[in-house]
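*Asks:* build me a model:
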Amino acid sequence: MKYVDQTLVHKRMNSRVLKNNILKQVFLIATLFGLAVLAILIFRVVTQGIAWIDWNFLTGKLSTFPEKAGIMGAILGTSYLMLIVIPVTLIIGVGTAIYMELYAKKGKLQSFIATNISNLAGVPSIVYGLLGLTIFVRVMDFGNVVLAGGLTLSLLVLPIVIVAAQEAIRAVPGHLSEASYGMGATKWQTVKKIILPAALPGIITGAILAVSRAIGETAPLTVLGIPAFLLPFPEGIFDTFTALPMQIYYWTLDASLVDEYAYLAAATIIVLLVLLFILNAIAVIIRNKFQQRY
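*Replies:* The predicted structure follows:
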């Protein structure tokens, strides 16, 4: 009969504890590094731009004079974009996820489609800009209006929502739907009353990630020919527009010629972050409400 070698056990335990402590410190350093970079970025942006934010800057029109420039047109353009991106992405994305997970027959075709949807999330954004330019601007003849920009950005973030919604639907316990079927509910009633409400927190998490990406995208809008200097305010989805990321991009380029444009870009970044935080806060409140219920 073999006995446990206590010396060998202690050596192995000490080795495992040492590895655990080393990896713990590595992960801590990685976390602190990311937080430090974020803190430096936010500090620099705030210190450069906060002094330029006033009522005239938020409500005024664009101007070639930095001290007179305003971003109300860009704020409205970004808001109109999100009014298109959010419903289009959620409706199509969640509908696709429901079909793929609950209605489509499992097999090679379904697996092939799911794999390609996941791969689309890694396609460079400028490719979606070219797609939007071809389909919405030229073939459908929308021009570089809010609708074309919103639909292009919807295509960009659609894979994110689809994948997140699929994972959320898979995470719903199977006994919930089985109990619904046992009570005589149809498949659609089960999806509507049981599966979707239970999966909604995960779906909203994906929507937050999608909106966070869409609201800051510049490359697709540049390809669509969205102007940076536009005096009239957009009044609807069929109007020409500019957006906050476009203003940040062009003011950053112009900062090499006029230093004040760097401060305008920093102030616009602050406004864009505040708008993003407001949208995300609304989504988090809705998500937490459904998490408490289910």
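
*Asks:* what stretches of the stretch 151-294 of the chain score poorly on pLDDT?
*Replies:* For the stretch 151-294 of the chain, the stretches flagged by pLDDT under 70 are 229-231, 291-294.

*Asks:* what about the helices in it?
*Replies:* Remark: helices assigned in the stretch 151-294 of the chain by DSSP state H, counting those that start in this stretch are 174-182, 187-190, 196-214, 219-224, 244-254, 260-293.

*Asks:* closest one to R44 among those?
*Replies:* helix 260-293 (7.7 Å; Cβ to Cβ). For every residue, glycine as well, the C-beta is placed using N, CA and C.

*Asks:* now that closest one, how far from the chain's geometric center?
*Replies:* Helix 260-293 sits 11 Å away from the centroid of its parent chain (Cα atoms, centre = their mean, to the nearest Å).

*Asks:* buried ones in that helix?
*Replies:* Of the residues in helix 260-293, 261-273, 275-276, 279-280, 283, 287, 290 count as buried by neighbour count, 16 or more other Cβ atoms under 10 Å.

*Asks:* from Y181, how far off is I203?
*Replies:* Distance, I203 to Y181, by Cβ to Cβ, to the nearest Å: 22 Å.

*Asks:* which of those two has more neighbours?
*Replies:* Comparing I203 with Y181 by other Cβ atoms under 10 Å, the one with more neighbours is I203, at 23 against 13.

*Asks:* pretty sure that one is touching A164, no?
*Replies:* Yes - contact criterion Cβ atoms under 8 Å: I203 and A164 qualify, at 6.4 Å.

*Asks:* so who does Q110 touch?
*Replies:* By Cβ atoms under 8 Å, 6 or more residues apart in numbering, Q110 lies in contact with 100, 104.

*Asks:* SS state for T64?
*Replies:* Put simply, T64 is coil when judged by DSSP: H, G, I helix; E, B strand; the rest coil.

*Asks:* what angle separates the lengthiest helix in the chain from helix 260-293?
*Replies:* Looking across the chain with DSSP state H, the single longest helix is helix 6-49. Here helix 6-49 points in a direction 130 degrees away from that of helix 260-293 (axes from the mean of the first three to the mean of the last three Cα atoms, to 10 degrees).

*Asks:* next, the buried residues of the helix or strand that comes right after helix 6-49.
*Replies:* Where DSSP states H and E defines the elements, the next helix or strand beyond helix 6-49 is helix 55-59. Of the residues in helix 55-59, those buried by neighbour count under the rule 16+ other Cβ under 10 Å are F57.

*Asks:* so what's the closest residue to A114 other than its chain neighbours up against?
*Replies:* Nearest residue to A114, sequence neighbours excluded (Cβ to Cβ, 6 or more residues apart in numbering): M100, at 6.2 Å. By Cβ under 8 Å, 6+ apart, the contact list for M100 reads 110, 113-114, 117, 162, 166.
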